[in-house]
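A.B. asks: Model the following, please.
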Amino acid sequence: MSIFQKELKQLVNDKGALLSTLLLPFVSTMILGFALTNSFSSEVSFEEVSIAIVEASTLEDDLQVASERFSISEDELLRLAVPDTLFAYMDSEIGVDYYSPDDDVVYKDYTAVIEMPKGYRLMLWHEQLGEEWSEDMESFQLFLNQEQRQHAMMVQMMMNSYMEQVYAHTELAENEEIAADFGTVVVQGNSPLTSFEYYTYGMGVLYVFFTAGLMANFAFTEKKGKIYGRLVLANIQPVNYLLAKFSTSCVIVFLQLVVLFGLSMLIFQITITNWLSFIAIAVVLCLTVGSVASLLVAIQFRANTEKVANVFMLLVVSILGFLGGSFFPSSNLSPLLNEIGQFTPNGLALQAFIQAGQGESIAHLSHSLIYLTSLSFVLFVFAWVVFPNKGGIES
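C.D. replies: Here you go, the predicted model:
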């Protein structure tokens, strides 16, 4: 704990470096946001979204069967039909084609393809109207076109929100708390980003990695100034020193994100829909950057040079920003580039922040959370292995 307190005290004393580290992401966001405002639409647009529905039984067939079972009109049944009610609100914006399982559907021609088993509408009508359904029924399957990642993600979030409302309605209907009427379907997460929103996320996940390089250089300065040597003579274990650098990096990164998103919400009016998911992503991103900082410290102490962190900040971070989409949406250039970007920590964190900002739950972001947490653990263990037993003070 004493080493960690020393690190924080040193940062507070170096006010110039601390302020520039905390404010640089916001300044970059402001510059890019104003410069590229016209590159981002502020209106909802589904013009490029196309959906295919492969159904084992048609809506007309299901209506005919249901009208014989239920004592309500076809118009009422249509208002409860899944997923037809969703697309009825957007029939002038989204292209929706219906197929049977025997048709040869070219999946890559669509943003998303929905496969519905026979009787799926009937099952939901039974549940929505409080009737018993005794047969086993599989859920529908949603196939997303990864070459249209942004639009596919929009469709996925739209369907998730829609189905959550369907099941919530069903539960309430079974308890007779509401009448069998959807009302207005609220589509969650389909609002496109403004330039300020995108670059708030993009610069946030990029500049935090500069912090890793800065912490590594601070550590090497301590080594050259014999500060680390005195810590070793005081029987401070190398792993405790690494943990102090890890913890300090996490604190700085968290402060960076607080300053960036706080100012962006205040000035640019960006909104965060799901704060729990958002904070979870922020925490695992802090852990990842802390592990990267620890690894850079270990490599520099092992190689006895500060060039490693400089190369990381000047070259590696720029490459990560390009691949991860921090400078511009990588999907606009190439689907392959966009796919590669999903394996970079900043690219994965960027997409997760966007999804959390638009309302996705932690469950839907579990892949990103697990990936970043695992990466953080692996990098720190590797740093521990690489770090010299005495930090290289003999050299």
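A.B. asks: Got phi/psi on Gly95?
C.D. replies: phi -80, psi 120 (degrees, to the nearest 10).
A.B. asks: Quick check: the gap between it and Cys286.
C.D. replies: 42 Å (C-beta to C-beta, to the nearest Å). To be clear about C-beta, it is placed using only N, CA and C from the backbone, and glycine gets the same treatment.
A.B. asks: So between the two, which is more surrounded?
C.D. replies: Cys286 (25 against 16; other C-beta atoms under 10 Å).
A.B. asks: Provide a list of residues in contact with that one.
C.D. replies: Applying C-beta atoms under 8 Å, 6 or more residues apart in numbering, we find Cys286 in contact with 208, 249-250, 253-254, 257.
A.B. asks: Would you reformat the residues you listed as CSV and include pLDDT, distance to Leu337 and secondary structure?
C.D. replies: What follows is those, written out as CSV (pLDDT from 0 to 100; distance: C-beta to C-beta, whole Å; DSSP: H, G, I helix; E, B strand; the rest coil):
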residue, pLDDT, distance to Leu337, secondary structure
Val208, 90, 22, helix
Ser249, 91, 29, helix
Cys250, 93, 30, helix
Val253, 91, 26, helix
Phe254, 92, 30, helix
Leu257, 90, 26, helix
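A.B. asks: just those residues now: which is nearest Tyr371?
C.D. replies: Val208 (16.5 Å; C-beta to C-beta).
A.B. asks: count of neighbours near that closest one?
C.D. replies: The burial count for Val208: 30, using other C-beta under 10 Å.
A.B. asks: quick one: it from Tyr120, how far?
C.D. replies: Applying C-beta to C-beta to Val208 and Tyr120 gives a distance of 45 Å.
A.B. asks: Which of the three states applies to the most centrally placed residue in the chain?
C.D. replies: Nearest to the mean C-alpha position of the chain, counting by C-alpha atoms, centre = their mean, stands Ala352 at 0.4 Å. The three-state assignment at Ala352 reads helix, by DSSP: H, G, I helix; E, B strand; the rest coil.
A.B. asks: tell me the mean pLDDT over stretch 230-240?
C.D. replies: The pLDDT scores in stretch 230-240 average 75.
A.B. asks: what about the protein, any weak spots by pLDDT?
C.D. replies: 1-21, 28-47, 88-93, 130-137, 161, 164-194, 232-234, 331-334, 390-395 (pLDDT under 70).
A.B. asks: what residue of it is the furthest out?
C.D. replies: Glu68 (46.1 Å).
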